[in-house]
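Chemist: Sharing a sequence plus its predicted fold:
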Amino acid sequence: MGRSLEVLMSEYVAGSPEAFTELHRQLAPKLHSYVLRLCRDPALADDVVQATFAKLHRARATYLPGAKVMPWALVIARRTLLDERRGLAAQRELLDEDGVLPERRAELPNPDQVADMRRALARLPDNYRSAIQLTKLVGFSGEEAARLLSTTQSAIKLRVHRGYAMLRSILAASSPTPA
């Protein structure tokens, strides 16, 4: 029998690309089956599984070693499916009278600002950073984040609020003063 999902995830968090390959091999079929049962659309299920792994990758620093990987991944997959469905519904609403999607002009964030934000986020205490990452970057609800971090929903809200205040202070202290 191979390594458990928990061992693989811990190895992946520690930087092992081989662990990710095995984690994906073991987890992807289970996630696909789960998402397919929810949406009954194989193409959408494929997209959701891919997006789930992207979110799992971004959230890997918040993984608590030894925590069960499957429930965590299933929550990410379910949230991703909900986000995809909302996105598809919004796109349908945005069709013009000819049935064509208007061009989106999404502004890309300034790379320097992104780097500043990442540095500021890295300076936060773990409990604030994890709460912000799970709720704001990965998209978990407060309840889901509370379960993953073994705390209450109120504590998550407080951590996010205080974390934001700390981020504002860190960013304000690091920005150049206009002359």
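Modeler: That came in fine, so what should we check first? Values in this document were obtained by computation on a predicted structure and should not be read as measured data.

Chemist: Show me the contact partners of stretch 67-87.
Modeler: Applying CB atoms under 8 Å, 6 or more residues apart in numbering, the contact partners of stretch 67-87 are 5-6, 8-9, 23, 27, 30-31, 34-35, 38-39, 44, 47-49, 51-52, 55-56, 59, 63, 138-141, 144, 147-148. Heads up, the C-betas are built off the backbone N, CA and C, glycines and all.

Chemist: Just the buried residues of those residues.
Modeler: 5-6, 8-9, 23, 27, 31, 34-35, 39, 44, 47-49, 51-52, 55-56, 59, 63, 138-140, 144, 147-148 (16 or more other CB atoms under 10 Å).

Chemist: domains for the protein, by residue range?
Modeler: 1-101, 108-179 (automatic domain parsing).

Chemist: now the first one, how far from the centre of its chain.
Modeler: Between the mean C-alpha location of domain 1-101 and the chain-wide mean there is a distance of 9 Å, by CA atoms, centre = their mean, to the nearest Å.

Chemist: How about L5: what's its closest non-neighbour residue?
Modeler: Residue nearest to L5 in three dimensions, not counting chain neighbours: V69, with 3.9 Å by CB to CB, 6 or more residues apart in numbering.

Chemist: gap between that neighbour and S141?
Modeler: With distances taken as CB to CB, to the nearest Å, V69 is found 19 Å from S141.

Chemist: Equivalent analysis for T80, please.
Modeler: 13 Å.

Chemist: I'd like to know which helix or strand in the protein has the lowest mean pLDDT.
Modeler: Least confident helix or strand of the chain, by mean pLDDT, DSSP states H and E, is helix 69-93 with a mean of 77.

Chemist: Buried residues, it. List them.
Modeler: So for helix 69-93, counting by 16+ other CB under 10 Å, buried means 69, 72-81, 84.

Chemist: pLDDT below threshold where in this protein?
Modeler: For the chain, the stretches with pLDDT under 70 are 1, 87-109, 138, 176-179.

Chemist: All the helices of it, residue numbers only.
Modeler: 5-13, 17-39, 42-58, 69-93, 111-123, 126-132, 142-148, 153-174 (DSSP state H).

Chemist: between the longest one and helix 42-58, how many degrees?
Modeler: Inter-element angle recorded for helix 69-93 and helix 42-58: 120 degrees (by axes from the mean of the first three to the mean of the last three CA atoms, to 10 degrees).

Chemist: now helix 69-93 against helix 5-13, angle please.
Modeler: If you take the same axes, to 10 degrees, helix 69-93 sits at 70 degrees to helix 5-13.

Chemist: Start at 6, not 1
Modeler: Right, with 6 as the first residue, what we last looked at is helix 74-98.
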